[in-house]
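Peer 1: Let's see this in three dimensions:
(2 chains)
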Amino acid sequence: DVKVTQSSRYLVKRTGEKVFLECVQDMDHENMFWYRQDPGLGLRLIYFSYDVKMKEKGDIPEGYSVSREKKERFSLILESASTNQTSMYLCASSPAGRTSEAANEKLFFGSGTQLSVL
Amino acid sequence: GQNIDQPTEMTATEGAIVQINCTYQTSGFNGLFWYQQHAGEAPTFLSYNVLDGLEEKGRFSSFLSRSKGYSYLLLKELQMKDSASYLCAPKSYGQNFVFGPGTRLSVLP
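Peer 2: Modelled structure (predicted):
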């Protein structure tokens, strides 16, 4: 089974702190994603990566950066945490879409990190 | 962009049948996914449709009409453990997933 592991289940940080959220997957997936999930807004894509050292902005990248130095690890960084970044953060991975069959691109999610910024 | 609409909340009784609808607008459609998410947990894959019609998988079925931009998830013989949020996610060629807001289903005894 695919396993996507997020380093922390709960985090409490203070405004202005630098925050690192780590995600590791063990299925050699090319694609990795960071989402945040807020009540009433659903899952929103922050950043994604289709390969090592590669990163692309998602729909809401402001205030975030990412790092993908190794294929299995995708880190989300909050340079200076703010209270509006209090949220559930979900990491996901998927294999590369090598065929036109989108079913092969299904996402596998980690358990999430509930971040509270005070 | 993609517009995805789902009911916010639904309530049903144990043993009943419930249908969760999803309408969407997208270009380059390449399939629609449904995910289940229990409170405080990660979303997990439920079903995938790319052709029109009904896909049945045990107690859960998913329907797609590409021409109408419409899908539904049908849950039969509801159990308490089916209380969860259900996320609709249409996929476009070469694009990332876009998730609907989710439908929170409460199953009552």
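Peer 1: Go ahead and confirm residue B:54 touches residue B:60.
Peer 2: No: using CB atoms under 8 Å, residue B:54 is not in contact with residue B:60; the gap is 11.0 Å. Yep, even glycine has a C-beta here, placed from its N, CA and C like the rest.
Peer 1: Contact partners for residue 78?
Peer 2: No chain was given, so I picked chain A. Contact analysis of residue A:78 by CB atoms under 8 Å, 6 or more residues apart in numbering or on different chains lists A:13, A:17, A:18, A:19, A:21, A:63, A:64, A:85.
Peer 1: other chain: chain B
Peer 2: Neighbours of residue B:78 in contact, by CB under 8 Å, 6+ apart: B:12, B:13, B:14, B:15, B:16, B:17, B:18, B:107.
Peer 1: The fifth one: how many residues sit nearby?
Peer 2: Put plainly, it is residue B:16. If you count neighbours by other CB atoms under 10 Å in any protein chain shown, residue B:16 ends up with 12.
Peer 1: on that earlier part again, if you count what's nearby, which of residue B:54 and residue B:60 comes out ahead?
Peer 2: Counted by other CB under 10 Å, residue B:54 and residue B:60 do not tie: residue B:60 has more neighbours, with 17 against 11.
Peer 1: what sits opposite that one in the beta ladder?
Peer 2: As for beta bridges, residue B:60 partners with residue B:57, residue B:75 under DSSP bridges.
Peer 1: Wait, residue A:63 touches residue A:87, no?
Peer 2: No: here residue A:63 does not reach residue A:87: they are 11.2 Å apart, not a contact under CB under 8 Å.
Peer 1: If anything else comes up later, I'll come back, but that's it for now.
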